[in-house]
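Participant: generate coordinates for the sequence data below:
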Amino acid sequence: MEYISTRGGIAPIPFTEAVMMGLATDGGLLLPTRLPTVDQETVAVWRRLSYQDLAFEVLSLFISDIPPTDLHDLILRSYATFNHPEITPVVRMGDCHILELFHGPTLAFKDVALQFLGNVFEYLLKKNGGRMNILGATSGDTGSAAIYGVRGKERINIFILHPFKRVSPIQELQMTTVIDANVFNLAIRGTFDDGQAIVKSIFNDIVFKNHHQLGAINSINWARIVAQVVYYIYAFLRVSDEVGRSVIDFSVPTGNFGDIFAGFVARRLLPEGSIGQLVLATNENNLLTRFVNQGDYSVGTVVQTSSPSMDIQVASNFERYLYYLYNEDADQTRQAMESFGKSGRLAFSRALQVQVKKDFRSRSVSEGETIETIRSCHAKHGYVLDPHTAVGVCAGLACRQVGVPMVCLSTAHPAKFGAAVQQAIGVQPQMPETLVGLERRPARCEVIDANVAAVRDFIEKHSI
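Facilitator: Residues are numbered from 1 along each chain as shown. Below is the predicted model of the structure:
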């Protein structure tokens, strides 16, 4: 399997080179030259597998240049850090199923991909004797998951940008209380979109990127996406077995389009008709809902909500979907993204809007609806949702097809967003042991201006 850019400016490269490249050198995002597919006989075999063995089978379809024994070992080590034997268990909650993605070391879905990616980085750097300075921006959970994925690892420094005082207190503490020598937290005076723009600008400076051996951990890195494909397939297999149905719908709370794009890939991979609707759930930052429902992809103003990981107005993975929407036309994709960079908006023909609505359904969920969903699910089912998951559940139930099981992705443990949960149900969620006393631990963080020069200067001084 080889990888190309959405903008068509690079020759095909193997997976290991794609992982280390992160953002394509032409400014695009990396994708496999073809999306693999499997048949019903393969699916029947996969039903008997553990999560780890299923991950090996799925990832092997996309990774041909890591020896199978090494890949299997990387997977086992990555998921040994999770506190549930199923890694991503599925539980029934009333009229839907909850896919719990928060059993990793930082209690967020990003652990599923970033534990794997951290181990892949370490594996490749040991093999080639290289070094890496990881640069990423976070709206909340990516930062801590990335830090926990590489903390203390040799040959790697990590620089994480988060919007100053725009993440939850627990999210901030999970990042800043990791004081390993190779970890650098930068709180920028701005929004997540500002941080994301800074990261992309720095990666597009090829001379600077190569000199400092910059690596990407944001979902612009293809390894993030492909690792997330696994849990869609795992959930499909578990739920279809449980309910005896061959079609399963998914609702995905998303702001950056990465998690739902993994669902798009999983739907293409499985036999036709296995995954039905993909419901794209947004909070009041509804760029993606406007795109799906109205064909309006235009930047608005970021609104702070109780689901801060989705407080985004520029979805960094949207370009990958755009490539397929444009029938894998790299020139059209490049022109569209260059136009968007100048105008902050994209327009779509009626035919393309029809295709988008075949690929996704979408609903924006208000703050009031988010809190009410947490309250009602707790009252009816005794289940506590975090606000991001509540957005997904609210949208999923609103878009649910009669007779088709709905799986809602639960992207974070509710204890990470205690204020929203307390507002909804009147009490703080139970605190997991890993979060107890976090506020008393030593912390380290640098507050800087949200501009490229300030971040570049910091990397210059602290890169490995």
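Participant: just say helix, strand or coil for residue 207.
Facilitator: Of the three states, residue 207 takes helix under DSSP: H, G, I helix; E, B strand; the rest coil.
Participant: what is the burial count for it?
Facilitator: 7 (other C-beta atoms under 10 Å). All C-beta spots, glycine's among them, are computed from the backbone N, C-alpha and C.
Participant: cool, the one 3 residues further on as well?
Facilitator: The local packing count at residue 210 equals 10, with neighbours defined by other C-beta under 10 Å.
Participant: and the gap between it and residue 221?
Facilitator: Separation of residue 210 from residue 221 (C-beta to C-beta, to the nearest Å): 17 Å.
Participant: pLDDT weak spots in the stretch 101-250 of the chain?
Facilitator: Low-confidence segments of the stretch 101-250 of the chain (pLDDT under 70): none present.
Participant: can you map out the helices along it?
Facilitator: In the stretch 101-250 of the chain, the helices defined using DSSP state H, counting those that start in this stretch lie at 110-128, 141-150, 169-176, 192-203, 206-211, 222-243.
Participant: export these to JSON lines and append columns for distance to residue 359.
Facilitator: Output for the helices of the stretch 101-250 of the chain, formatted as JSON lines (distance: least, C-beta to C-beta, whole Å):
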{"stretch": "helix 110-128", "distance to residue 359": "22"}
{"stretch": "helix 141-150", "distance to residue 359": "25"}
{"stretch": "helix 169-176", "distance to residue 359": "31"}
{"stretch": "helix 192-203", "distance to residue 359": "24"}
{"stretch": "helix 206-211", "distance to residue 359": "33"}
{"stretch": "helix 222-243", "distance to residue 359": "15"}
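Participant: quick one: residues contacting the residue lying closest to residue 65 once chain neighbours are set aside.
Facilitator: In this structure, residue 65 finds its nearest non-sequential neighbour in residue 14, 4.3 Å apart by C-beta to C-beta, 6 or more residues apart in numbering. Residue 14 is in contact with 1-3, 64-65, counting by C-beta atoms under 8 Å, 6 or more residues apart in numbering.
Participant: look up phi and psi at residue 14.
Facilitator: The phi/psi pair for residue 14 (degrees, to the nearest 10) reads phi -70, psi 170.
Participant: ok, it to residue 59 distance?
Facilitator: In terms of C-beta to C-beta, residue 14 sits 14 Å off from residue 59.
Participant: re the thing from before, out of the helices of the stretch 101-250 of the chain, indicate the one that is most buried.
Facilitator: helix 141-150 (a mean of 28; mean count of other C-beta atoms under 10 Å).
Participant: elements contacting it?
Facilitator: With contacts taken as 3 or more C-beta pairs under 8 Å, 6 or more residues apart in numbering; DSSP states H and E, helix 141-150 sits against helix 110-128, strand 132-137, strand 156-163, helix 169-176, strand 183-189.
Participant: can you check which of the ones you listed gets nearest to residue 360?
Facilitator: helix 110-128 (21.2 Å; C-beta to C-beta).
Participant: summarise which helices and strands the closest one is packed against.
Facilitator: helix 15-21, helix 68-79, strand 132-137, helix 141-150, strand 156-163, helix 222-243.
Participant: now stretch 454-464: buried residues?
Facilitator: For stretch 454-464, the neighbour count (16 or more other C-beta atoms under 10 Å) marks 454-456, 458-459, 463 as buried.
Participant: how about the residues you listed in JSON lines, adding distance to residue 441 and pLDDT?
Facilitator: Putting those into JSON lines (distance: C-beta to C-beta, whole Å; pLDDT from 0 to 100) gives the following:
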{"residue": "454", "distance to residue 441": "27", "pLDDT": "96"}
{"residue": "455", "distance to residue 441": "26", "pLDDT": "97"}
{"residue": "456", "distance to residue 441": "30", "pLDDT": "96"}
{"residue": "458", "distance to residue 441": "23", "pLDDT": "97"}
{"residue": "459", "distance to residue 441": "26", "pLDDT": "97"}
{"residue": "463", "distance to residue 441": "26", "pLDDT": "95"}
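Participant: can you add distance to residue 167 and give those residues back as CSV?
Facilitator: Putting those into CSV (distance: C-beta to C-beta, whole Å) gives the following:
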residue, distance to residue 167
454, 19
455, 18
456, 23
458, 19
459, 21
463, 25
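Participant: and which of these is nearest residue 99?
Facilitator: Closest to residue 99, out of all of the buried residues of stretch 454-464 and judged by C-beta to C-beta, is residue 455, at 35.0 Å.
Participant: hey, where'd the strands end up in the stretch 351-464 of the chain?
Facilitator: Taking DSSP state E, counting those that start in this stretch as the test, the strands found in the stretch 351-464 of the chain are 361-364, 406-410, 446-449.
Participant: among those, show me which one is buried the most.
Facilitator: Comparing the strands of the stretch 351-464 of the chain by mean count of other C-beta under 10 Å gives strand 406-410 as most buried, with a mean of 27.
Participant: and the angle for it with helix 222-243?
Facilitator: Orientation check (axes from the mean of the first three to the mean of the last three C-alpha atoms, to 10 degrees): strand 406-410 against helix 222-243 gives 140 degrees.
Participant: give me the average confidence score over strand 406-410.
Facilitator: The average pLDDT for strand 406-410 rounds to 98.
Participant: follow-up on the earlier one: what would the helices and strands packed on helix 110-128 look like in JSON lines with distance to residue 97?
Facilitator: As requested, these are exported to JSON lines (distance: least, C-beta to C-beta, whole Å):
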{"stretch": "helix 15-21", "distance to residue 97": "32"}
{"stretch": "helix 68-79", "distance to residue 97": "21"}
{"stretch": "strand 132-137", "distance to residue 97": "31"}
{"stretch": "helix 141-150", "distance to residue 97": "22"}
{"stretch": "strand 156-163", "distance to residue 97": "32"}
{"stretch": "helix 222-243", "distance to residue 97": "5"}
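Participant: which one of the ones you listed lies closest to residue 342?
Facilitator: Comparing the helices and strands packed on helix 110-128 by C-beta to C-beta, strand 132-137 comes nearest, at 21.6 Å.
Participant: what angle sits between that closest one and helix 141-150?
Facilitator: 160 degrees.
Participant: mind exporting strand 132-137 as CSV, just the C-alpha atoms?
Facilitator: Extracted C-alpha coordinates of strand 132-137, given in CSV (Å, rounded to 0.1, in the frame of the first residue of the first chain):
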residue,chain,number,x,y,z
MET,A,132,11.8,14.0,15.9
ASN,A,133,10.3,17.1,17.2
ILE,A,134,6.5,16.6,17.3
LEU,A,135,4.4,19.7,16.8
GLY,A,136,0.6,19.7,17.3
ALA,A,137,-2.4,21.9,18.3
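Participant: just checking, what packs against that strand?
Facilitator: Counting by 3+ C-beta pairs under 8 Å, 6+ apart, strand 132-137 packs on helix 110-128, helix 141-150, strand 156-163, helix 192-203, strand 214-216, helix 452-462.
Participant: hmm, who's touching the second one?
Facilitator: When contacts are defined by C-beta under 8 Å, 6+ apart, helix 141-150 is touched by residues 104-106, 108-111, 113-115, 117-119, 121-122, 134, 136, 138, 156, 158, 160, 162, 167, 171, 174-175, 178, 182-183, 185, 217-219, 309, 411-412, 416.
Participant: neighbouring strands for whichever strand or helix holds residue 30, and are they parallel or not?
Facilitator: In the assignment (DSSP states H and E), residue 30 maps to strand 30-32. Strand partners for strand 30-32, identified by DSSP bridges, are recorded as strand 2-5 (antiparallel).
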